[in-house]
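Asker: following is a predicted model, sequence given first.
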Amino acid sequence: MKTLKIIKIGGNIIDDSEALELFLSQFAKLKGPKILVHGGGKLATQLAKKMNVPVKMNEGRRITDNETLDIITMVYAGKINKNIVAQLQANDCNAIGFSGADGNSIISVKRPAQPIDYGFVGDVKQVNTKTLEVLLNNTVTPVFCAITHNESGQLLNTNADTIASELAIGFASIYNTELYYCFEKNGVLNDVENDDSVIETINTETYETLKDNSIIFEGMLPKLDNCFHAIHHNVQKVCIGKSDMLFNSNNKHTIITK
């Protein structure tokens, strides 16, 4: 069984043109089938402010009304996604940009309005791998933005970490899937002020202890919940750290295990 790498990059790479250019030049050289998933960075917020559309957040999560959905579709599926695809082509990596609607690849349901109404936000219900499998078999790299659909014509803003996790799970019966979350830290930290205090391995039991002791909290919790969701659904390998871990496994990073 072949290995498929699914790699998610966040705003720290997307918001820095030089960092993005360097990452994509390295990503293009990774051998074997691969899928790239990207978040939205700060561009959607910046465009919303320019257009005088209020930016509404709750605990770090964007509330997506009609106007906001228009903006994130333009930014995520348009500017960011196509810029990444164009740069990959420049690095001899044949790529195609995707939302969940393309190829009917990721179907979501609108999140219930209780206890908080997040608007047009989707929770992933199903991943369809057939179209993507054809592309991967022909050395084409899918590049996913953080938008899915509900099969009734409605686009939905969907967490990019969740998309990466669900894609890895969806392909787990076809490939040995490996999931990598790339962000600005060396990994999950024991001390948020010390970038060298990387917790090299976290399993289900130690995760609960780290949460109970408030070592892991707030923004890191949803990311790690996605990690454990993947590792408990037949994803072979899940790692968190700087993108350097993809190209040198000796670089510090965190490995998630059962």
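Answerer: Perfect, I can see it now.
Asker: and the helices in the stretch 101-250 of the chain?
Answerer: For the stretch 101-250 of the chain, the helices defined by DSSP state H, counting those that start in this stretch cover 130-137, 160-170, 204-212, 220-231.
Asker: for those helices, which one sits closest to Lys5?
Answerer: Among those, the nearest to Lys5 by C-beta to C-beta is helix 160-170 (9.4 Å). Placement of C-beta: from N, CA and C, glycine included.
Asker: and Ile35, what element?
Answerer: strand 34-38 (DSSP states H and E).
Asker: and for Lys5?
Answerer: Residue-wise, Lys5 maps onto strand 3-9 under DSSP H and E.
Asker: what residues does that strand touch?
Answerer: 23, 27, 30, 32-39, 136, 160-161, 163-164, 167-168, 171, 174-182, 236, 243, 246 (C-beta atoms under 8 Å, 6 or more residues apart in numbering).
Asker: out of these, which are buried?
Answerer: 23, 27, 33-39, 136, 160-161, 163-164, 167-168, 171, 175, 177-182, 236, 243, 246 (16 or more other C-beta atoms under 10 Å).
Asker: figure out the length between the terminal residues of stretch 205-222.
Answerer: Start-to-end span of stretch 205-222 (C-alpha to C-alpha, to the nearest Å) is 17 Å.
Asker: tell me the buried residues in that stretch?
Answerer: Applying 16+ other C-beta under 10 Å to stretch 205-222 flags 207, 210, 215-216, 220 as buried.
Asker: so what's Ile9 bridging to?
Answerer: Ile9 has these beta-bridge partners by DSSP bridges: His38, Cys182.
Asker: what's the answer for Lys237, then?
Answerer: Going by DSSP bridges, Lys237 forms beta bridges with Glu178.
Asker: pretty sure it is touching Tyr175, no?
Answerer: No: counting by C-beta atoms under 8 Å, Lys237 does not reach Tyr175; the two are 11.6 Å apart.
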